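K.L.:
Kindly return the folded structure for what I paste below:
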Amino acid sequence: MSTPFYVSPQQAMADRAEYARKGIARGRSLVVLQYADGIVFVGENPSRALHKFSEIYDRIGFAAAGKYNEYENLRIGGVRYADLRGYTYDRGDVTARGLANVYAQTLGTIFSSVGEKPYEVELVVAEVGETPEHDQIYRLPHDGSIVDEHGSVAVGGNAEQISGYLDQRHRDGMTLAEALKLAVQALSRDTNGSEREIPAERLEVAVLDRTRPQKRKFKRIEGRRLVRLLEAAGGSSEETLSGGDVE
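P.N.:
So this is what the prediction gives:
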């Protein structure tokens, strides 16, 4: 009788973590930045239909890197959770912290389950507050841990290099044009340090704008509006979000 093959629990978890990290790294990077009037999401995404960024609830946005079908399932689950909690209790009871805890439990359960593979996703849940001090940004890796981020965060692809670049250059009180310029500069840097150009049509950009009078603070920036903001980033950075081609 042959001896059963044995793998220690520590080695099994390490192998699952490495599998998930490699899957996430194959995707394109995205960044989430605080600016004076809210939070901006920027990523390279040639698809106009398969979004990396989405609205979850009034003041809450969602960003994800990795396998689309897996993070889309998580996004839908988050929307259902938020709608149910807001309807059952109060809209103010739906928070990024509560949503991050729900996602953490789901990802942690899947990661530790022997019967299924870990999700190849990394999530960012952000909530815009009344002031920049009340903004919340949470990063959730594949294993279900929660990291409370401030200022800027990058996930997917070469996120570690991009995060280092952002940490050195991001500052409080940036305008939207300045934050967008910094995000594109960070995303355009290859692993060897060289820069490449990312055209506007390959960018997906969205914001949580605290100055928006509606309850729903999430909106996408695209088309001529995005081009004008990118041009403003190269010169005057006084561009605002009023009007334009925005969803």
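
K.L.:
When you work out contacts or count neighbours from here on, use the C-alpha atoms and nothing else.
P.N.:
Fine.

K.L.:
Now do Arg169: how many residues are near it, please.
P.N.:
Look at Arg169: counted by other CA atoms under 10 Å, it has 11 neighbours.

K.L.:
The helix or strand bottoming out on mean pLDDT in the chain packs against which elements?
P.N.:
Of all the helices and strands that make up the chain, helix 223-234 has the lowest average by mean pLDDT, DSSP states H and E, namely a mean of 86. Applying 3 or more CA pairs under 8 Å, 6 or more residues apart in numbering; DSSP states H and E, one finds that helix 223-234 contacts helix 176-187.

K.L.:
Contacts for the helix it packs on, please.
P.N.:
29-31, 33-37, 40, 42-44, 162, 165-166, 169-170, 195, 198, 229-230, 232-234, 237-240 (CA atoms under 8 Å, 6 or more residues apart in numbering).

K.L.:
What residues does the residue nearest in space to the middle of the chain make contact with?
P.N.:
When CA atoms, centre = their mean is applied to the chain, the residue found nearest the centroid is Ala63 (3.0 Å). Taking CA under 8 Å, 6+ apart, we find Ala63 in contact with 41, 52-54, 123-125.

K.L.:
Tell me the secondary structure of Val7, please.
P.N.:
Following DSSP: H, G, I helix; E, B strand; the rest coil, Val7 is assigned to coil.

K.L.:
That one - how many residues pack around it?
P.N.:
Val7: 9 surrounding residues under other CA under 10 Å.

K.L.:
Let me know the distance separating it from Met13.
P.N.:
With distances taken as CA to CA, to the nearest Å, Val7 is found 10 Å from Met13.
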